[in-house]
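A.B. asks: sequence first, predicted model second:
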Amino acid sequence: MTDSSSPVPADVEDRQAIEHILGRPLSRTWPTGALAPGSRVTVVRAQDWDGPWQVEFAGTIDAMGAPEPNEHAQALDGELLYWVTFDTSQYDSGGDGPYRKAQIWGRYLRAEPEPEA
């Protein structure tokens, strides 16, 4: 028997909330060649416009949902959308936030080298 009063981990709550909003389950199948969950990244600003974030900042590829193809009309061919957990809460270029996690277009991610042991 399990204690139903114990708190649900935040990542499970996040997944459930996003799946409810999307009306579908998040994929758990990680695409070949995609950044691995736990990879350290820097979320960068666009070179051609003032966005999508106010500043560049560090984060981690989150395993809440596998990267998915970016279906937006302005997406690059083969571009993926990644869930990224931010090291510190961030505001987007429109001033909305603070956000602690978001789905980020692959072009706005710079993979950071693994620290040497």
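C.D. replies: It's in.
A.B. asks: alpha carbons only for contacts and neighbour counts from here, please
C.D. replies: OK.
A.B. asks: from Asp14, how far off is Gly23?
C.D. replies: Noted for Gly23: a distance of 14 Å to Asp14, by Cα to Cα, to the nearest Å.
A.B. asks: name the residue in these two with the higher neighbour count.
C.D. replies: Neighbour count, other Cα atoms under 10 Å: between Gly23 and Asp14, Asp14 has more, with 13 against 9.
A.B. asks: distance from the chain centre to the longest strand seen in the chain, please.
C.D. replies: Looking across the chain with DSSP state E, the single longest strand is strand 80-90. Averaging C-alpha positions (Cα atoms, centre = their mean, to the nearest Å) puts strand 80-90 4 Å from its chain's average.
A.B. asks: ok, whichever helix or strand comes after it: who's next to it in the sheet?
C.D. replies: Sequence order places strand 99-105 as the next helix or strand after strand 80-90, per DSSP states H and E. When pairing is defined by DSSP bridges, strand 99-105 lines up against strand 80-90 (antiparallel).
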